[in-house]
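K.L.:
With the sequence up front, the predicted model follows.
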Amino acid sequence: DTGVSQDPRHKITKRGQNVTFRCDPISEHNRLYWYRQTLGQGPEFLTYFQNEAQLEKSRLLSDRFSAERPKGSFSTLEIQRTEQGDSAMYLCASQRSYGYTFGSGTRLTVV
Amino acid sequence: AQTVTQSQPEMSVQEAETVTLSCTYDTSESDYYLFWYKQPPSRQMILVIRQEAYKQQNATENRFSVNFQKAAKSFSLKISDSQLGDAAMYFCAYRGLMEYGNKLVFGAGTILRVKS
């Protein structure tokens, strides 16, 4: 069990640029979640996959956000035309049964 | 929609003492799970304890225990014999079983400071 890996750990980008984050879940976990966490707040749900199927998307996930999980393995979260309000920590978690394992997150700063 | 409320933005405890963190939630479901997660400055969320709503017995994990009051929709975390390593942000989280799928709904968190 190597845990949930997220890459990169930190990303600084200029407003208007596109960014993509990657999450590698625990291999036998079929569910994968993306959350966004702003400073001093709890994580907010963005979207969730069961295997390769995206089953739920939050209203927080605007048209500029897209997530994929090809082949039910790793997942990517892309943000197009980034805005300063997108600055946050993006957390990935994978799940099997009742156990959720979180990654260390990707901290995005939009300047 | 489910909501989770943590009314204590920050708490302090002396090392070796006991502290209780509060959490209330709102739901129309009868079966669900409740969790306490710890997030140290390294930012990785770590599960502290889990409670199934159908179980009346309060969950316990070593120095950590909960007081689950289903009728009151209250789920507090008690940390006994506090240690410096307990200092972190603590989040209460809810997971429904039926209408709201598998996602966790988090509260805003409580910062716990441990004084030596």
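P.N.:
Received, thanks.

K.L.:
what's the helix or strand hosting B:S76 packed up against?
P.N.:
Using DSSP states H and E, B:S76 maps to strand B:74-79. With contacts taken as 3 or more Cβ pairs under 8 Å, 6 or more residues apart in numbering or on different chains; DSSP states H and E, strand B:74-79 sits against strand B:19-21, strand B:24-26, strand B:32-39, strand B:46-52, strand B:64-69, strand B:88-96. Every C-beta, even on glycine, is put in place using the N, C-alpha and C of the backbone.

K.L.:
Can you give me the neighbour number for the closest residue to A:E68 other than its chain neighbours?
P.N.:
Nearest non-adjacent residue to A:E68, counting by Cβ to Cβ, 6 or more residues apart in numbering or on different chains: A:T76, 5.4 Å away. By other Cβ atoms under 10 Å in any protein chain shown, 14 other residues sit near A:T76.

K.L.:
mind checking how far A:T76 is from chain B?
P.N.:
19 Å (Cβ to the nearest Cβ, to the nearest Å).

K.L.:
wait, what's in contact with the residue of chain A found nearest chain B?
P.N.:
Proximity of chain A to chain B (Cβ to the nearest Cβ) peaks at A:G42, 3.4 Å away. For A:G42, the contact set (Cβ atoms under 8 Å, 6 or more residues apart in numbering or on different chains) comprises B:4, B:6, B:91, B:93, B:106-109.

K.L.:
what sits against residue 107?
P.N.:
Picked chain A for this. So A:R107 contacts A:9-11, A:88-90 (Cβ under 8 Å, 6+ apart).

K.L.:
my bad, chain B
P.N.:
By Cβ under 8 Å, 6+ apart, the residues touching B:G107 are A:42, B:4-6, B:23, B:25, B:91-93.

K.L.:
now those as JSON lines including pLDDT and distance to A:T20?
P.N.:
Listed next are the contacts of B:G107 as JSON lines, based on pLDDT from 0 to 100; distance: Cβ to Cβ, whole Å:
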{"residue": "A:G42", "pLDDT": "93", "distance to A:T20": "25"}
{"residue": "B:V4", "pLDDT": "96", "distance to A:T20": "30"}
{"residue": "B:T5", "pLDDT": "97", "distance to A:T20": "34"}
{"residue": "B:Q6", "pLDDT": "97", "distance to A:T20": "33"}
{"residue": "B:C23", "pLDDT": "98", "distance to A:T20": "35"}
{"residue": "B:Y25", "pLDDT": "97", "distance to A:T20": "34"}
{"residue": "B:F91", "pLDDT": "97", "distance to A:T20": "27"}
{"residue": "B:C92", "pLDDT": "98", "distance to A:T20": "32"}
{"residue": "B:A93", "pLDDT": "96", "distance to A:T20": "27"}
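
K.L.:
about what we covered before: which pair of the contacts of A:G42 spans the longest distance?
P.N.:
For these, the farthest-apart pair by Cβ to Cβ is B:A93 and B:A108; their separation is 11.4 Å.

K.L.:
which one of those two has more residues nearby?
P.N.:
When B:A93 and B:A108 are compared for neighbours, B:A93 comes out ahead with 24 against 16, by other Cβ under 10 Å.

K.L.:
Quick check: bridge partners of that one?
P.N.:
Taking DSSP bridges as the rule, B:A93 bridges to B:F35, B:F106.

K.L.:
I figured it was touching B:V105, is that so?
P.N.:
Yes. At 6.4 Å, B:A93 and B:V105 qualify as touching, with contact defined as Cβ atoms under 8 Å.
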